[in-house]
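Trainee: test case, fold it:
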Amino acid sequence: MESKLINATVPFCTGVAHQKYLGAEKGLETAIEGNCTHWYIDGSLFGEMVDDWTEARIQSLQAQIAATGIKPIFHGNFKAPLGSDVEAFRAAAVEYVKKEIDIASRLGAPLIIHGGCIVEPKMVLMAKKVALEHYLKSVQELAIYAEAKGTDIYLENLSNYVNYRPFHYIFTHEAEYAFVFERLQAHSNLYFFLDAGHANIENGLPAEVVRKYHHLIKGISFSNNNGVQDQHFGIHDGNCDYADVMQAIVETNWKGLVAFETRNQTAKAALADLAVMYRESLTTEIAVA
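Mentor: As a prediction, the model looks like this:
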């Protein structure tokens, strides 16, 4: 097998994964073919949800992980309503995600979790306030459970759709990040997994998120879009200011996992684009100094 994608041109990158919406076993094969160091197990896909994981399957995948050295990232089911404004739904979602933690811990993987959504609330501002408080409650409970399993939890931001959707995602913008992270400092196994494409929706500023939360960010998922829809295009195919994101990475000396959810660009090509922007950011830093 050829050498992995990580090299001196991307010193901020400690690992590479490409989200391709495949079953766990096929995803691992594709990660090997693409010279990635990590791969996604996507818990939102049919065949990958908690009830699809048998003991035999877990043991088989454990053996493949040991043999290949490719590390899994368990991307939990983003539809789990951990931030539901309905307490009974929230509590049920927590129990479901605990089962995801059980699987992730067996595979030696961190678990990415999401805030979920509330659907057509009658009193939007109140429902979103309650939902955010419920999400915080869910994360606190899951962090304690995961800590006992030796598992890290990565909080992924969702897209901040504000105009045309009949639902509202939770944990989508800086005020919500601040609300959650300011109250979670006691948990050493909780981190931020920044989806820069999601953060770009509705005039978001992913570079500013990097500047503020770089110390908590374990990984960044890169894709591009038009700022309105989460299109998962290649690095240059949209209006996300990735030059500024890279500038923020240089300024903060951030290092971590680099993931791509680019449907029209390979991980190799996307990483090459980031490498060019990284070199340009270094030049900018020198010029400013």
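
Trainee: could you check the pLDDT of the nearest residue in space to residue 113 that is not next to it in sequence?
Mentor: Nearest residue to residue 113 in three dimensions, chain neighbours excluded: residue 76, at 4.9 Å (C-beta to C-beta, 6 or more residues apart in numbering). C-beta: built from backbone N, CA, C; applies to glycine. Residue 76 is assigned a pLDDT of 98 by the prediction.

Trainee: quick one: low-confidence parts of the stretch 1-150 of the chain?
Mentor: 1-3 (pLDDT under 70).

Trainee: and the strands in the protein, which stretches?
Mentor: All strands of the chain, identified by DSSP state E, fall at 13-18, 38-42, 71-75, 111-113, 117-119, 153-156, 167-169, 190-195, 217-222, 256-260.

Trainee: out of those, deepest packed?
Mentor: Burial of the strands of the chain is given as mean neighbour count (mean count of other C-beta atoms under 10 Å); strand 111-113 ranks first at a mean of 28.

Trainee: neighbours of residue 237, how many?
Mentor: For residue 237, the count of nearby residues is 17 (other C-beta atoms under 10 Å).

Trainee: what about it, distance to residue 14?
Mentor: Distance of residue 237 to residue 14, given as C-beta to C-beta, to the nearest Å: 26 Å.

Trainee: now residue 181
Mentor: The spacing between residue 181 and residue 14, counted by C-beta to C-beta, is 22 Å.

Trainee: returning to that earlier point: need the strands of the chain in a markdown table with distance to residue 97, can you?
Mentor: Listed next are the strands of the chain as a markdown table, based on distance: least, C-beta to C-beta, whole Å:
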| stretch | distance to residue 97 |
| --- | --- |
| strand 13-18 | 21 |
| strand 38-42 | 14 |
| strand 71-75 | 11 |
| strand 111-113 | 6 |
| strand 117-119 | 15 |
| strand 153-156 | 9 |
| strand 167-169 | 17 |
| strand 190-195 | 14 |
| strand 217-222 | 18 |
| strand 256-260 | 20 |
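
Trainee: could you dump stretch 207-221 to CSV, C-alpha only?
Mentor: Extracted C-alpha coordinates of stretch 207-221, given in CSV (Å, rounded to 0.1, in the frame of the first residue of the first chain):
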residue,chain,number,x,y,z
ALA,A,207,-12.7,30.6,10.8
GLU,A,208,-13.9,32.5,13.9
VAL,A,209,-15.0,29.2,15.5
VAL,A,210,-11.5,27.8,15.0
ARG,A,211,-10.0,30.9,16.6
LYS,A,212,-12.3,30.7,19.7
TYR,A,213,-12.5,26.9,20.2
HIS,A,214,-9.2,25.6,18.7
HIS,A,215,-8.3,24.1,22.1
LEU,A,216,-11.4,22.0,22.1
ILE,A,217,-11.5,21.0,18.4
LYS,A,218,-10.4,17.5,17.8
GLY,A,219,-11.2,17.4,14.1
ILE,A,220,-12.5,19.6,11.3
SER,A,221,-14.8,18.3,8.5
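
Trainee: which residues touch residue 30?
Mentor: Taking C-beta atoms under 8 Å, 6 or more residues apart in numbering, we find residue 30 in contact with 18, 20, 22, 39.

Trainee: and residue 242, which of the strands of the chain is closest to it?
Mentor: Checking the strands of the chain against residue 242 by C-beta to C-beta gives strand 217-222 as the closest, at 7.4 Å.
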